[in-house]
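> after the sequence you'll find the predicted model.
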Amino acid sequence: MPEAATIAGTAAPAPLIWPERDLHAITSVELEPELPGNVEALLPQLHRLAALGDSLRALQAIDGSFTDHAEALSLAAASARLMEEIADSDAVSEEQAEIIRARARALTELRHDQEIAHTEAALGDPQPLTVLAGPLCTFRNKTHAPLHSVIACTAHRGGDELIAALDATSAEVLREVNAKAGTPQVTLGSIFAMQITDLIAMGGESNAFPKHFAYFLPEDEGAGHGNPNKTILFRNAYALRYERISKPLGEALLDGPTIGEGTDVADLLIAWMRGHDIAHAVTTPAAGKVGPKDVGHEPFYSLQEAIANAYGTAMAVTPTWLELAGTTADEMIALYMAESLHYLRRGPWNWSDTGASCIELSFLAANGFIEVREDGVIAWETPRVVEGIHQLCGALERDVVSAQEPAPTQAMLDRFAWHEASPIAPTLRALRDGSGAVPTSLAYL
């Protein structure tokens, strides 16, 4: 149910973040993180800290204020004591220990210290244990205020090694994509660090539904865009989300190649997500003329997510990245299609990620790169989808990234953003009417 906040003395619901009429289900899963021994020894403290985080968040309204300040201070003090214990452990690096202690001090005062978020974002090396405990942003259309959260995660060495290999070849791979897409003027701006972790525990707002599989720092700590920045991705949570939600949706509504039983889906997801993350930085000398004020905030950012998805997917299916991820183009496109269904299901009128999936799939359908049947099933072949993604990259670069005035950008939205006659409408109807048995979110045990 939507949360209530007190506004001018009256109760008002938080905005909806899922389609209201849909069936929603939650499935509990075991995270099963790969833990170093000294981190495993801290599990009792980490789980208590997460539970206290749930309690603290329960005392917050959606504007971030506490409904019982005295009780919140008591819970914060108990949390801070646990954080001091964790900081004293040999499982925590010296740099991380100082950050945890600073978080504990801020928490005892229920203070939002944005400088801590910038210090965390600047800690670029993988950490045996990362603990975020304090105000954190989740869904912008739920609340603009950061709300109390707890996250504990541990570095995944294999995942970090994959990121390093992907990053080392990113410039070469983008040149391959540009040659295929006809966008030689596209370059990359700043590339942010990405750390691959196993999630250990979540509490507070981050533990609400639906959950994120990654956080972007310092932005998600409500501290604006800093430099440096980093993404923390939860490898185990991301893979579980795919296996329990995206994969069943794909099995029901996709007619094309599938991912082999022996494939490590987590590595595919990491490669795809790294492409998406890097592709958020694509730019051209002509970029920057059209913005949210010209076409609307959510539509504009739907296009930004579509750009990242298109260029990121194109990078992920290059021979170089396929080899690094240990997969094939068939498997990578199967993953992309299933993930697109996952996002589309959330309602493309609700937020930018879902709007992007609608734009991408509608473009592919309208131009004959996929076939959308009357029952909503999508028939596809890998070479045609890859060709369509390259064409989508070219169209987005021309009509959005390098557009000199809003007309072509608006024309792309008018054609491919959500409307009742969208070429992807049969699939959305099938997702909303026939996938009630597939969960919409996961709970972590």
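That came through fine.
> where does the stretch 51-200 of the chain dip in pLDDT?
141 (pLDDT under 70).
> okay, domains of this protein per the record?
Listed domain ranges for the chain are 25-168+193-228, 244-439 (source: automatic domain parsing).
> how long is the last one end to end?
The one in question is domain 244-439. Terminal residues of domain 244-439 lie 7 Å apart, using CA to CA, to the nearest Å.
> mean confidence for that domain?
Mean per-residue pLDDT for domain 244-439: 96.
> what's the neighbour count on the spatially closest residue to residue 113 that is not a sequence neighbour?
Closest residue in space to residue 113, ignoring its immediate chain neighbours: residue 106 at 4.1 Å, by CB to CB, 6 or more residues apart in numbering. Backbone N, C-alpha and C define where each C-beta goes, glycine included. Residue 106 is flanked by 20 other residues according to other CB atoms under 10 Å.
> please enumerate the helices of the stretch 101-250 of the chain.
Ranges of helices in the stretch 101-250 of the chain, per DSSP state H, counting those that start in this stretch, are 114-122, 157-168, 170-181, 235-241, 247-253.
> and the third one, how far out from the chain's middle?
Think helix 170-181. 24 Å (CA atoms, centre = their mean, to the nearest Å).
> can you check the last one too?
The offset between the C-alpha centroid of helix 247-253 and the centroid of the whole chain comes to 20 Å, using CA atoms, centre = their mean.
> now for that helix, which elements pack on it?
Applying 3 or more CB pairs under 8 Å, 6 or more residues apart in numbering; DSSP states H and E, one finds that helix 247-253 contacts helix 329-344, helix 425-434.
> for the last one, buried residues please.
Burial within helix 425-434, assessed by neighbour count using 16 or more other CB atoms under 10 Å, is assigned to 425, 426, 427, 428, 430, 431, 432.
> which strands and helices sit next to it?
Using 3+ CB pairs under 8 Å, 6+ apart, helix 425-434 is in contact with helix 247-253, helix 329-344.
> ok, now with 10 Å
If you count contacts as 3 or more CB pairs under 10 Å, 6 or more residues apart in numbering; DSSP states H and E, helix 425-434 packs onto helix 247-253, helix 329-344, helix 352-366, strand 371-372, strand 378-379.
> and residue 268, which of the ones you listed is closest to it?
helix 329-344 (5.1 Å; CB to CB).
> what's the angle from that closest one to helix 425-434?
In terms of direction (axes from the mean of the first three to the mean of the last three CA atoms, to 10 degrees), helix 329-344 departs from helix 425-434 by 70 degrees.
> kindly export helix 329-344 (C-alpha atoms) in PDB.
Taking C-alpha atoms only, helix 329-344 is exported to PDB below (Å, rounded to 0.1, in the frame of the first residue of the first chain):
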ATOM      1  CA  ALA A 329      25.700 -13.100 -28.900                       C
ATOM      2  CA  ASP A 330      22.600 -15.400 -28.700                       C
ATOM      3  CA  GLU A 331      22.900 -15.500 -24.900                       C
ATOM      4  CA  MET A 332      23.600 -11.800 -24.400                       C
ATOM      5  CA  ILE A 333      20.600 -10.800 -26.600                       C
ATOM      6  CA  ALA A 334      18.400 -13.300 -24.800                       C
ATOM      7  CA  LEU A 335      19.400 -11.600 -21.500                       C
ATOM      8  CA  TYR A 336      18.700  -8.200 -23.000                       C
ATOM      9  CA  MET A 337      15.300  -9.200 -24.200                       C
ATOM     10  CA  ALA A 338      14.200 -10.800 -20.900                       C
ATOM     11  CA  GLU A 339      15.500  -7.800 -18.900                       C
ATOM     12  CA  SER A 340      13.500  -5.500 -21.300                       C
ATOM     13  CA  LEU A 341      10.300  -7.400 -20.400                       C
ATOM     14  CA  HIS A 342      11.100  -7.000 -16.700                       C
ATOM     15  CA  TYR A 343      11.300  -3.200 -17.100                       C
ATOM     16  CA  LEU A 344       8.400  -2.900 -19.500                       C
END
